[in-house]
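This is a predicted model, with the sequence first.
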Amino acid sequence: MAMKAAAETSSQPHLAMALLFLTPLLALLSACTARPGYDHDAKPYAAAIQARQTTANSSSSLQVDLGYEIYQGTFNSTSGLNLWKG
């Protein structure tokens with residue numbers, strides 16, 4: 001009986017070492033094989049980019065597109081400055 005207890009206690013450190021090694025290895029392998037749920041080749045902003053390009057082609061030199069708003073500036077001939085308000 002004493003031999004059996006000694007054999008069980010001597011194998012436990014090996015099991016703990018194996019678990020310490022295998023746990024990160026399994027986590028790494030599962031991360032490498034994971035598949036994303038979305039398409040990397042999708043272009044979700046294609047319509048917005050196209051709309052901005054057509055607006056930019058027809059804009060005057062005083063029109064500024066900030067992405068979220070388009071501002072139309074005016075030229076003040078008295079001061080010689082371009083002004084944008086918004």
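Received, thanks.

Tell me where the model's unsure across this structure.
Filtered on pLDDT under 70, the chain yields the residue ranges 1-11, 30-41, 52-60.

Residue 28 and residue 22, how far apart?
Per Cβ to Cβ, to the nearest Å, residue 28 is found 11 Å from residue 22. No exception for glycine: its C-beta is placed from N, CA and C like everyone else's.

Ok, residue 68 next?
50 Å.

now the strands: where do they sit in the chain?
Under the criterion DSSP state E, the chain contains strands at 63-65, 70-72, 74-76, 81-83.

now those strands as CSV including distance to residue 42 and mean neighbour count?
Shown next, in CSV, are these (distance: least, Cβ to Cβ, whole Å; neighbours: other Cβ atoms under 10 Å):
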stretch, distance to residue 42, mean neighbour count
strand 63-65, 24, 14
strand 70-72, 26, 13
strand 74-76, 40, 11
strand 81-83, 39, 11
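
CSV please, covering those and showing distance to residue 14.
Shown next, in CSV, are the strands of the chain (distance: least, Cβ to Cβ, whole Å):
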stretch, distance to residue 14
strand 63-65, 66
strand 70-72, 69
strand 74-76, 81
strand 81-83, 77
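
hang on, the earlier thing: if you count surrounding residues, which of residue 68 and residue 22 has more?
With neighbours defined as other Cβ atoms under 10 Å, residue 68 and residue 22 compare such that residue 22 has more, 10 against 5.

Can you give me the neighbour number for residue 86?
The burial count for residue 86: 9, using other Cβ under 10 Å.

pretty sure it is in contact with residue 69, am I right?
Yes: contact criterion Cβ atoms under 8 Å: residue 86 and residue 69 qualify, at 6.9 Å.
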